[in-house]
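Asker: got a structure for you, letters missing:
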């Protein structure tokens, strides 16, 4: 069976985890800071805070931004529900900005129009770098200065990607950036996430929120310390700590990040050639970006294809190939429908959903397996 995504773990990665298992620290040890520093240096950003998963990263990023009840968060409908749920965790309202029909990222033209018309402006905007292609961050950043909102990049798909010749994660045009290290992502820690920022104040807040709001830093204590054992809870935080075993795996995987990205870009280019002539719209890439290609999505030309997506998925599975779909528009989920959203609110995202599916793409996918995927698609369409 050829799956749509799959982790790649080698002997070096396994040994890195074994070394931690034999060490003095399984959690809250030195591997965490080593991993954080390595990702920060790669991205060209000052600070990084590793956490249990990207959902936790989004949550504490929103809290660090001061998001609370009565505030509003805007994000894309074309994303996993966590990009919106993080606002609800903070008690805030959530709204969406429809996608650009080429990139499938948040449409900045629509964002600008919505900001100009909105009586209640967002406190936080979360652009999602869908499939690994960066949003138009310079334009979004300019709007953030005009309208006074905080920008949190959801770069769960995009570690290793480039925007205007700068690594995604540099926070050049944002306040914070979030990465995911789930097994189907480009590098993995099993489960895991990270928040990056250039703000020391946000960094300190993120560290507090990651671990129960507790600090041992004497400069942050209220009153004098009772001794070397002493700590204080100065905020309401969470147990979102990454383990040293996860961090060691992530640190080891960073050795091959550029190799992983190069292979994904090669496979994406190869798909672009092999799929020519099929009734599909292939992914568009902006000249300002160089995607990390977390996923490869195609859109059906419904004027030429009479098969339903359900039929295509079933036939491909019979041939040993597992497709996927990214994403069901968040506003169409029952929870968000209960909040007042309805079908028709974001038509670009809804039409995209009717047409799209995701092909297998991962580092370990061989040329021969990719040929098998394309051949199967050709047979299904015939």
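Answerer: Structure received. Source: prediction; values computed, not measured.
Asker: can I assume residue 153 sits in a strand?
Answerer: Yes - per DSSP: H, G, I helix; E, B strand; the rest coil, residue 153 lies within a strand segment.
Asker: can you pull the contacts of the residue nearest to it when sequence neighbours are not counted?
Answerer: In this structure, residue 153 finds its nearest non-sequential neighbour in residue 177, 4.2 Å apart by Cβ to Cβ, 6 or more residues apart in numbering. In short, each C-beta sits where N, CA and C put it, glycine included. Applying Cβ atoms under 8 Å, 6 or more residues apart in numbering to residue 177 gives the contacts 43, 45, 152, 153, 155, 168, 169, 170, 171, 195, 196, 197.
Asker: tell me the SS of residue 177?
Answerer: strand.
Asker: returning to what we had before: now distance to residue 291, pLDDT and secondary structure too, for the contacts of residue 177, in TSV please.
Answerer: Putting these into TSV (distance: Cβ to Cβ, whole Å; pLDDT from 0 to 100; DSSP: H, G, I helix; E, B strand; the rest coil) gives the following:
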residue	distance to residue 291	pLDDT	secondary structure
43	16	98	helix
45	20	98	coil
152	20	99	strand
153	14	99	strand
155	11	98	coil
168	10	98	coil
169	14	98	coil
170	16	98	coil
171	19	98	coil
195	22	99	strand
196	19	99	strand
197	23	99	strand
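Asker: from those, which is closest to residue 334?
Answerer: residue 152 (25.6 Å; Cβ to Cβ).
Asker: pretty sure that closest one contacts residue 126?
Answerer: Yes - look at residue 152 against residue 126 with Cβ atoms under 8 Å: they come within range, at 4.9 Å.
Asker: Which neighbours do the two have in common?
Answerer: residue 58.
Asker: domain parsing for the chain?
Answerer: Per the record, the chain has its domains at 11-255, 257-381, by automatic domain parsing.
Asker: do you know which of those domains lies nearest residue 2?
Answerer: Using Cβ to Cβ and comparing the domains of the chain, the one that lies nearest residue 2 is domain 257-381, at 4.9 Å.
Asker: now that closest one, how far from the centre of its chain.
Answerer: 17 Å (Cα atoms, centre = their mean, to the nearest Å).
Asker: what does the model give the residue of the chain positioned farthest from its centre for pLDDT?
Answerer: For the chain, the largest distance from the centre (Cα atoms, centre = their mean) belongs to residue 226, which lies 42.0 Å off. Predicted confidence (pLDDT) for residue 226: 93.
Asker: Once you drop chain neighbours, what's closest to the residue most central in space within the chain?
Answerer: The chain has residue 156 as the residue nearest its centroid, 1.5 Å off, counting by Cα atoms, centre = their mean. Closest residue to residue 156 apart from its sequence neighbours, by Cβ to Cβ, 6+ apart: residue 180 at 3.6 Å.
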